[in-house]
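Q: here are the coordinates; sequence isn't available:
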């Protein structure tokens, strides 16, 4: 498939008609200029908001209609979104009430190339109209649904997501742990869905043959069971649709809640919610502050002042200790003098002749001893008990008092900071009445949301019950078929169908194994080309049931994809896409919006050098000037077919597409 032309009329930011040539061209190369080199890349440049994403949206909308805007979009919502896609002109007119998209492409069918043109147009407030041309002739016999069905067969929607994608959103594929997106794409791309359809058709054929050989009563019973199964499936589908609609309502309510919460936050609602708690905290802190201040005063009235003058107190104790020793010496001297008086009387009685000489000698010795003792002036003259009490106060009570004081002082300092912060929070918080309306609205929306969530779960459970009932009916039908198919087993058609079913089962298993091996090989080749050197020791493993791709290191450990950076996820996902395209053998264009937004310089170089020129035979890149910059344009010059710049005019509030690029000469408009 090659997209040759896209025509936009009053679509989003594009006013009037914009006709864009997308067919890739060839260039002459070599010294003689005789050789032709195919240039696959069509490069669009535009600043943010200029309209790059509008081009990708237009192509997807032209191909898929409602499914391009949302899987579960209802009819009225689809019409509403279509109306929003009409360009809002500064000068309203009849033409400003309608829009259209034309997409022309070449598609090969059964060895022949045909040119198709999709024309999808709509008016404001009305459903779109769809027509299809083939080789210049309108296929008038096809209705809207038939045209859309034909387009869905050409390029199934599950495949389109893998070829027409937003570079910033493609990392979601790497995080899809369910494997649903990849499984659908792989089955369609590799032809496995055709095998499943053929097996289903053969099973229906066998059932019909079995019914033909059964009795009338069995036939009626089978018909009743089949009808019951269809009824259960229909009810399950209806309930699932209702659940999807409820889910849309839940998402809408969640969006409303987020808007209200943002308004509430901007008005200080978060502070309003905590105002009472902050006030209670402030009251508690004030009480604690009063207790701490009381404790500090009590310590000040006790032994704390002694601890505040440790040097003076140490000198005082030293002085008091010396005085105590001096007083002890004086007391000892007084006792000794009294003792000498007693001794003198005895000596006078016993030694009457030598007593004066002995007493004089003793007195001289005592006088000499007392003169040798240090003498200290008695200033304080406190008792021994008072001295011991003071010593206990200084060494024990004052130390403990200071520790308690220091703890109280530290806590008081921290508490004052908390009080200041709490006071600021209270001052910042608006009065409850100011935000009460918004608070009530948020609570009411949340109640509605919770109610819808319960309803959503109930509807899903009911749908599951209907599906289980349908499965039970299917099993009963199958048993009845098996019971009565013996009458027709001899028929050649039945035998061939049964053999074909067995063959298809074996073929599907072998084909899956083969395709998975090819897919692993192509994926790791692509990943090694695009990843940085430090990531090249990984290998790929693909689950043959879910087709989920895992990276495994040299030690056999699975790499956690959620732990990857945004750039690594993008490289990982793009490698999957390229591997799918090459394994499928389909030639589909690749359209990439914002291709390098999340990548670092190394990943960007790899992608520009190894992916863009080889991604497909036609590669449409929608880039900003900071992604595909001048150096990248120069490195891709041999592979760029032609370039466009999307230029936004602030005066008309619209964009137009001109040939050229940010640094090239703009020669003419694309139309």
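A: Arrived safely. For clarity, every value in this text was computed on a predicted model and none was experimentally measured. Numbering: from 1, shown residues only.

Q: What residues does residue 97 make contact with?
A: By C-beta atoms under 8 Å, 6 or more residues apart in numbering, the contact set of residue 97 is 86, 123, 124. Quick note: C-beta positions are derived from backbone N, CA and C, even for glycine.

Q: The second one is in contact with residue 100, isn't it?
A: No: in this structure residue 123 lies outside contact range of residue 100 using C-beta atoms under 8 Å: 9.9 Å.

Q: Restricted to buried residues, select the contacts of residue 97 in ChimeraX.
A: Here is the ChimeraX command that selects only those of these that count as buried (16 or more other C-beta atoms under 10 Å):
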select :86,123
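
Q: Next step: the contacts of residue 97 restricted to helices.
A: Assigned to helices by DSSP state H, none of the contacts of residue 97 qualify.

Q: Now flag whichever of the contacts of residue 97 is closest to residue 570.
A: Of all those, residue 570 sits closest to residue 86, with 32.8 Å by C-beta to C-beta.

Q: Dig out what the closest residue to the closest one other than its chain neighbours forms beta bridges with.
A: The shortest distance from residue 86 to any non-neighbouring residue, by C-beta to C-beta, 6 or more residues apart in numbering, is to residue 99 (4.4 Å). Taking DSSP bridges as the rule, residue 99 bridges to residue 122.

Q: separation between residue 99 and residue 123?
A: With distances taken as C-beta to C-beta, to the nearest Å, residue 99 is found 8 Å from residue 123.

Q: what's the pLDDT at the residue nearest to residue 86?
A: We have a pLDDT of 93 for residue 99.

Q: if I pick it, what's in contact with it?
A: By C-beta under 8 Å, 6+ apart, residue 99 lies in contact with 9, 10, 11, 82, 85, 86, 87, 121, 122.

Q: still on that earlier bit, switch the contacts of residue 97 over to TSV; also include distance to residue 438.
A: Output for the contacts of residue 97, formatted as TSV (distance: C-beta to C-beta, whole Å):
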residue	distance to residue 438
86	34
123	39
124	34
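
Q: wait, which of the contacts of residue 97 is closest to residue 131?
A: Using C-beta to C-beta, residue 123 comes nearest to residue 131 of the contacts of residue 97, at 15.2 Å.

Q: circling back to that earlier point, will you turn the contacts of residue 97 into a markdown table that also has distance to residue 560 and pLDDT?
A: Formatted as a markdown table, the contacts of residue 97 follow (distance: C-beta to C-beta, whole Å; pLDDT from 0 to 100):
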| residue | distance to residue 560 | pLDDT |
| --- | --- | --- |
| 86 | 45 | 91 |
| 123 | 50 | 92 |
| 124 | 48 | 89 |
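
Q: Helix or strand with the lowest mean pLDDT in the chain?
A: helix 269-273 (a mean of 50; mean pLDDT, DSSP states H and E).

Q: following it, which helix or strand comes up?
A: Heading C-terminal from helix 269-273, the first helix or strand you meet, by DSSP states H and E, is helix 275-301.

Q: Next secondary structure element downstream of that next one?
A: Beyond helix 275-301 toward the C-terminal end (DSSP H and E), the next one is helix 304-308.

Q: so what does the longest helix along the chain touch, helix or strand wise?
A: As assigned by DSSP H, the longest helix anywhere in the chain is helix 432-484. Contact here means 3 or more C-beta pairs under 8 Å, 6 or more residues apart in numbering; DSSP states H and E; on that basis helix 432-484 packs against helix 192-212, helix 216-266, helix 269-273.

Q: Determine the set of other helices and strands touching the following helix or strand past that helix.
A: Per DSSP H and E, the first helix or strand lying C-terminal to helix 432-484 is helix 492-530. On a contact count with 3+ C-beta pairs under 8 Å, 6+ apart, helix 492-530 meets helix 192-212, strand 539-542, helix 566-584, helix 601-610.

Q: ok and helix 492-530 relative to helix 601-610, angle-wise?
A: When axes from the mean of the first three to the mean of the last three C-alpha atoms, to 10 degrees is applied, the directions of helix 492-530 and helix 601-610 differ by 120 degrees.

Q: Report the distance from helix 492-530 to the chain centre.
A: From the chain centre to the centre of helix 492-530 is a distance of 35 Å (C-alpha atoms, centre = their mean, to the nearest Å).

Q: List the buried residues in it.
A: By 16+ other C-beta under 10 Å, the buried positions in helix 492-530 come out as 494, 497, 501, 504, 508, 512, 515-516, 518-520, 522-524, 526-530.

Q: so that helix versus helix 566-584, what angle?
A: Interaxial angle of helix 492-530 relative to helix 566-584 (the same axes, to 10 degrees): 140 degrees.

Q: just for the stretch 51-200 of the chain, where's the confidence low?
A: When residues are selected by pLDDT under 70, those of the stretch 51-200 of the chain lie in 71-72, 90-95, 157-159, 161-162, 167-197, 199-200.

Q: And the strands in it, which stretches?
A: With strands called from DSSP state E, counting those that start in this stretch, the stretch 51-200 of the chain shows them at 98-109, 112-123, 129-134, 137-138, 164-166.

Q: Pipe those strands into TSV and attach distance to residue 284 per row.
A: Listed next are those as TSV, based on distance: least, C-beta to C-beta, whole Å:
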stretch	distance to residue 284
strand 98-109	64
strand 112-123	65
strand 129-134	70
strand 137-138	81
strand 164-166	53
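
Q: which of these sits most buried?
A: strand 164-166 (a mean of 21; mean count of other C-beta atoms under 10 Å).

Q: just checking, what packs against that one?
A: Counting contacts by 3+ C-beta pairs under 8 Å, 6+ apart, strand 164-166 packs against helix 52-64, strand 590-593.

Q: how far does the first one sit from the chain's center?
A: Averaging C-alpha coordinates over helix 52-64 and over its chain gives two centres that are 26 Å apart (C-alpha atoms, centre = their mean).

Q: quick one, that helix and strand 129-134 angle?
A: Angle of helix 52-64 versus strand 129-134, following the same axes, to 10 degrees, is 80 degrees.

Q: any idea how far residue 47 is from residue 154?
A: In terms of C-beta to C-beta, residue 47 sits 34 Å off from residue 154.

Q: Please apply the same query to residue 85.
A: Residue 85 is 23 Å from residue 154, by C-beta to C-beta.

Q: Between those two, point out the one with more neighbours.
A: residue 85 (19 against 15; other C-beta atoms under 10 Å).

Q: What does the more buried one show for phi and psi?
A: Per-residue torsions, residue 85: phi -80, psi -10 (degrees, to the nearest 10).

Q: residues touching it, list them.
A: Residue 85 is in contact with 11, 12, 57, 61, 99, counting by C-beta under 8 Å, 6+ apart.

Q: and with 10 Å instead?
A: By C-beta atoms under 10 Å, 6 or more residues apart in numbering, the contact set of residue 85 is 10-12, 54, 57-58, 61, 69, 99, 101, 122, 124, 128.

Q: Residue 115 too?
A: Contacts of residue 115 by C-beta under 10 Å, 6+ apart are 2, 4, 5, 104, 105, 106, 107, 133, 134, 135, 136.

Q: is it in a bridge, and if so with what?
A: Using DSSP bridges, the bridge partners assigned to residue 115 are residue 106.

Q: Please name the spatially closest residue to residue 411 (chain neighbours excluded).
A: Excluding its sequence neighbours, the residue lying closest to residue 411 (C-beta to C-beta, 6+ apart) is residue 292, at 6.1 Å.

Q: same check, this time on residue 646
A: Spatial nearest neighbour of residue 646, excluding adjacent residues (C-beta to C-beta, 6+ apart): residue 46 at 3.4 Å.

Q: Break the protein down into its structural domains.
A: 237-274+431-487, 279-424 (automatic domain parsing).

Q: picking up where we left off before, what's the angle between the longest helix of the chain and helix 275-301?
A: 120 degrees.

Q: Quick check, residue 659 in contact with residue 21.
A: Yes: the pair formed by residue 659 and residue 21 meets the contact definition of C-beta atoms under 10 Å, at 9.1 Å.
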